[in-house]
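**Student:** Got a sequence here, can you build the structure:
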Amino acid sequence: MTDALMNRIKAQLVRHEGLRLKPYRCTAGKLTIGIGRNLDDRGISQKEAYLLLEHDIQNCEKQILDEIPEIYNSLDEVRQSVLLNMCFNLGIKGLLEFKNTLAFIGAGDWERAANGMLASKWAKHVGMRAIELSELMRKGQ
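**Tutor:** Residues are numbered from 1 along each chain as shown. From the prediction side, this is the model:
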């Protein structure tokens, strides 16, 4: 396919299908997103899922850097991954509710930070995820 043809058909489809950034039901009742992507019948590919994941992780890091750069930048990659994971799961607002835990992380008090994570409502909801992440925070490995 030539670039000219690709550009032509993309312009047509955007004009005819529209661009929707949140899921909706099309006129045929199919769950749809983007520019006519039928999620019910087609879904997304593994490559697309990983692309979305990478964008979501990058967005989490940007939000963390906007809100708590002094804490995040002082951490090793293992502990940074814990904060990224929690932000992905809870959103930045949910992560920032861990005020005491974040203070312990900022002070390098890994034991109290891990215990704070485990004492939360979040830990009860996510179970093994909280146990794994708290151990990573505690040990840094």
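**Student:** Next SSE downstream of the longest helix seen in the chain?
**Tutor:** Counting by DSSP state H, the longest helix found in the chain is helix 46-67. With elements assigned by DSSP states H and E, the helix or strand that comes after helix 46-67 is helix 69-72.
**Student:** where does the residue nearest in space to the middle of the chain sit relative to residue 80, distance-wise?
**Tutor:** Note on the chain: the residue nearest the mean C-alpha position is residue 88, at 3.4 Å, using Cα atoms, centre = their mean. For residue 88, the distance to residue 80 equals 12 Å [Cβ to Cβ, to the nearest Å]. Yep, even glycine has a C-beta here, placed from its N, CA and C like the rest.
**Student:** Give me the neighbour count for residue 106.
**Tutor:** 15 (other Cβ atoms under 10 Å).
**Student:** Test my guess that it contacts residue 72.
**Tutor:** No: counting by Cβ atoms under 8 Å, residue 106 stays clear of residue 72, with 9.6 Å between them.
**Student:** If you count contacts, what does the top strand by length along the chain end up packed against?
**Tutor:** Looking across the chain with DSSP state E, the single longest strand is strand 20-25. Applying 3 or more Cβ pairs under 8 Å, 6 or more residues apart in numbering; DSSP states H and E, one finds that strand 20-25 makes contact with strand 31-34.
**Student:** Show me what the longest strand of the chain pairs with in its sheet, parallel or antiparallel.
**Tutor:** Here strand 20-25 has these sheet partners by DSSP bridges: strand 31-34 (antiparallel).
**Student:** in its sheet, what does the next helix or strand after the strand it pairs with sit against?
**Tutor:** Next along the chain after strand 31-34, taking DSSP H and E as the criterion, comes strand 37-38. Strand 37-38 pairs in its sheet with strand 31-34 (antiparallel), by DSSP bridges.
**Student:** how about the strand it pairs with as PDB, C-alpha atoms only?
**Tutor:** Extracted in PDB, the C-alpha atoms of strand 31-34 (Å, rounded to 0.1, in the frame of the first residue of the first chain):
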ATOM      1  CA  LEU A  31     -18.400  -2.200  21.900                       C
ATOM      2  CA  THR A  32     -16.200   0.100  19.900                       C
ATOM      3  CA  ILE A  33     -13.300   2.500  20.500                       C
ATOM      4  CA  GLY A  34     -10.900   4.700  18.600                       C
END
